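Enquirer: sequence first, predicted coordinates after that:
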Amino acid sequence: MSAWLTILLLVVSNIFMTLAWYGHLKLQQLKVIGNDTPMYVIILISWSIALIEYCFLVPANRYGFHTNGGAFTLPQLKVLQEAITLVIFAVFTIFFFKGESLHWNHLAAFGCLIAAVYFVFMEP
């Protein structure tokens, strides 16, 4: 399995994950759902989106794992997934939550995660 296909699947998965985790907050801002919407409805909506996420995440990990012919070790897959998560989250925050902003400390944290990606891919 191509490393790029694994990365693409992880990106798509993380888009759905971010929508599942934070999309209901945007729907609340847009008044699509109200403050009085029962929590079980919010959870069911999030789980429905998360199911789609898992349809991309599981194949990404399965195909990307080196023992299945993929290009990545387990730690590499995890750190790569976390780095992709932060990039998707940052884009989501900037474009969908106009009142929220990223500051220097957020960028420093992202830099630390990018450093983690570098270190996890280094030969021991």
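Expert: It's in.
Enquirer: quick one: low-confidence parts of the chain?
Expert: Residue ranges of the chain with pLDDT under 70: 1.
Enquirer: show me where it has helices.
Expert: Using DSSP state H, the helices of the chain run over 3-29, 39-64, 74-96, 104-121.
Enquirer: want to throw the ones you listed into TSV with mean neighbour count?
Expert: C-beta: built from backbone N, CA, C; applies to glycine. What follows is the helices of the chain, written out as TSV (neighbours: other Cβ atoms under 10 Å):
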stretch	mean neighbour count
helix 3-29	18
helix 39-64	15
helix 74-96	16
helix 104-121	12
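Enquirer: then stretch 53-61 to CSV, C-alphas only?
Expert: Provided in CSV are the C-alpha atoms of stretch 53-61 (Å, rounded to 0.1, in the frame of the first residue of the first chain):
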residue,chain,number,x,y,z
GLU,A,53,-14.3,8.5,10.2
TYR,A,54,-13.6,5.0,11.2
CYS,A,55,-14.4,3.8,7.7
PHE,A,56,-11.2,5.7,6.6
LEU,A,57,-9.1,5.4,9.8
VAL,A,58,-9.2,1.6,10.1
PRO,A,59,-8.1,1.0,6.5
ALA,A,60,-5.4,3.7,6.8
ASN,A,61,-3.9,2.0,9.8
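Enquirer: contacts for that stretch?
Expert: 6, 9, 10, 12, 13, 14, 16, 17, 20, 77, 81 (Cβ atoms under 8 Å, 6 or more residues apart in numbering).
Enquirer: any figure for the gap between the residue lying farthest from the centre of the chain and residue 23?
Expert: Distance from the C-alpha centroid of the chain peaks at residue 36, with 28.0 Å (Cα atoms, centre = their mean). Plainly put, residue 36 is 18 Å away from residue 23 if you go by Cβ to Cβ, to the nearest Å.
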